[in-house]
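# Structure for this input, please:
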Amino acid sequence: MIMNYVTKIRAKVNIYASKKTSNLFDGSYKSIYQGNGLDFENLREYIPGDSIRDIDWKASSRSGKVLVKRYVAEKKHNIMLVWDTGKKMTAHTRDLEVKKDLALNVGGLIGYLAARNGDNVGAIYNRNGLIQYHQLRTGTHNIERILTMYDKENFDSYEADLEKSLEYIVKNIRRKMIVVIISDALGIRDVSEATLKRLVGRHDVLFVRIGDADYTARIMDDKRQVVDSKIASFDMEKNMYIPEYLINNKKLMKIEEETKKKLDDDNADKLLQFRIVSTEIDCDEEMIDKIVELLQGHRFANSR
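Numbers count the residues shown, from 1 in each chain. Next up is the predicted model:
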């Protein structure tokens, strides 16, 4: 059966737009360019997240509503999706979704938004030491091709190397891009500060963190009875799946909590140091809201 990824993403977007305001969703993607090479187009009513610097005070006074200036990009922009790979991406999130599947949908959503805006989209990921590079192109057919190729990858047999993908960008791609890194807590930890420094010096960088399942995760029925204990949790210390006989070990649970807290604190400091806006996503259902939050956070960070 042929998978039509873009059709599924478009359906999610339409459902979202029917429940929320279309201005919020449509404006969130374009907001990452506010103040950078844009032409004034028209006015629209203020929505939460807009910069106060865009408010047209005279027009607002005349209309009785708070109005902001709306802009359009002068040229196409370049969006580079950087996916993490390896065995850890076959584990589960806190909401018990496979991390690779959620990462695929996140990249698809961002790629779809960019394609709908007429922008170029490319992708990079590391297949067992070999860089897979999809050149920057326009159109939804390009997005479909990228998603199909990533989805076909089998990560079971090798470890991740996100650093190598980012090094490829630093060394080989000169044009200005918005680099969207889709990884997990280990991905943030393993990228060196030297590489991040060079990356943010040339490109805008956003980080989507795919959440990690707790060691004690279980699928329960309505009566809180275990119906599936085969949830793939990943040990961040030993870089391996957790054997089932260790899942209920209280000492291990304590070590997990301490390890995750330290990792989260260290990652937050690293991202803050390089002014990289990030969000964490644990399930497909929250994906669109989280991406809107990410884009608006990027806009706010660059308006200060």
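# Give me the pLDDT for residue 267.
As summarised for this prediction, residue 267 has a pLDDT of 95.
# Chain neighbours aside, what residue packs nearest to it?
In space, and not counting its chain neighbours, residue 267 is closest to residue 188: 4.2 Å by C-beta to C-beta, 6 or more residues apart in numbering. For every residue, glycine as well, the C-beta is placed using N, CA and C.
# Now do the contacts for the one you found.
207, 209, 267, 270, 271, 278 (C-beta atoms under 8 Å, 6 or more residues apart in numbering).
# out of those, which are inside helices?
Applying DSSP state H to the contacts of residue 188, the entries found in helices are 267, 270, 271.
# which of those are buried?
Buried members of the ones in helices among the contacts of residue 188, counted by 16 or more other C-beta atoms under 10 Å: 267, 270, 271.
# Turn these into TSV, columns for distance to residue 120.
Shown next, in TSV, are those (distance: C-beta to C-beta, whole Å):
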residue	distance to residue 120
267	29
270	28
271	26
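# of the residues you listed, closest to residue 107?
Nearest to residue 107 among these: residue 271, at 19.2 Å, using C-beta to C-beta.
# was I right about that closest one contacting residue 207?
Yes. In this structure, residue 271 is within contact of residue 207 by C-beta atoms under 8 Å, at 6.3 Å.
# Need the residues touching each of these two.
Contact with both residue 271 and residue 207 is made by residues 188, 277, 278, according to C-beta under 8 Å, 6+ apart.
# Let me know the closest of those to residue 105.
Distance to residue 105 across those (C-beta to C-beta) is lowest for residue 278, with 17.5 Å.
# what is that closest one paired to in the beta sheet?
Here residue 278 shows beta-bridge partners residue 207, assigned using DSSP bridges.
# Give me the neighbour count for it.
Counted with other C-beta atoms under 10 Å, the neighbours of residue 278 add up to 18.
# Distance check, it against residue 59.
Distance, residue 278 to residue 59, by C-beta to C-beta, to the nearest Å: 35 Å.
# what's the answer for residue 115, then?
The spacing between residue 115 and residue 59, counted by C-beta to C-beta, is 32 Å.
# ok, now residue 211?
43 Å.
# Pick out whichever of those two has more residues nearby.
Between residue 211 and residue 59, counted using other C-beta under 10 Å, residue 211 has the larger neighbour count: 19 against 14.
# List the contacts of the more buried one.
With the criterion set at C-beta under 8 Å, 6+ apart, residue 211 makes contact with 93, 94, 95, 184, 280, 281, 282.
# swap the cut-off to 10 Å and go again
Listed by C-beta atoms under 10 Å, 6 or more residues apart in numbering, the contact set of residue 211 reads 92-95, 97, 99, 102, 184-185, 280-283, 286.
# Which pLDDT value does the model give the nearest residue to it once chain neighbours are set aside?
Spatial nearest neighbour of residue 211, chain neighbours left out: residue 282 (3.8 Å); criterion: C-beta to C-beta, 6+ apart. What the model reports as pLDDT for residue 282 is 94.
# for residue 282, phi and psi?
The phi/psi pair for residue 282 (degrees, to the nearest 10) reads phi -110, psi -20.
# Double-check it against residue 212; I have them as touching.
Yes. Using C-beta atoms under 10 Å, residue 282 makes contact with residue 212 at a distance of 8.8 Å.
# between the two, what contacts are shared?
The overlap between the contact sets of residue 282 and residue 212 (C-beta under 10 Å, 6+ apart) consists of 92, 93, 94, 99.
# and these, which of them are in helices?
Short answer: these in helices (DSSP H) are residue 99.
# sorry, back to before: want to try CSV for the shared contacts of residue 271 and residue 207, with distance to residue 293 as columns?
Listed next are the shared contacts of residue 271 and residue 207 as CSV, based on distance: C-beta to C-beta, whole Å:
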residue, distance to residue 293
188, 18
277, 9
278, 10
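# I'd like to know how far the closest residue to residue 170 other than its chain neighbours sits from residue 166.
Nearest-residue entry for residue 170: residue 198, 4.7 Å, with adjacent residues in sequence omitted and distances by C-beta to C-beta, 6+ apart. Relative to residue 166, residue 198 is positioned 9 Å away (C-beta to C-beta).
# Compare those two (neighbour count), which wins?
residue 166 (23 against 16).
# Much appreciated, bye for now.
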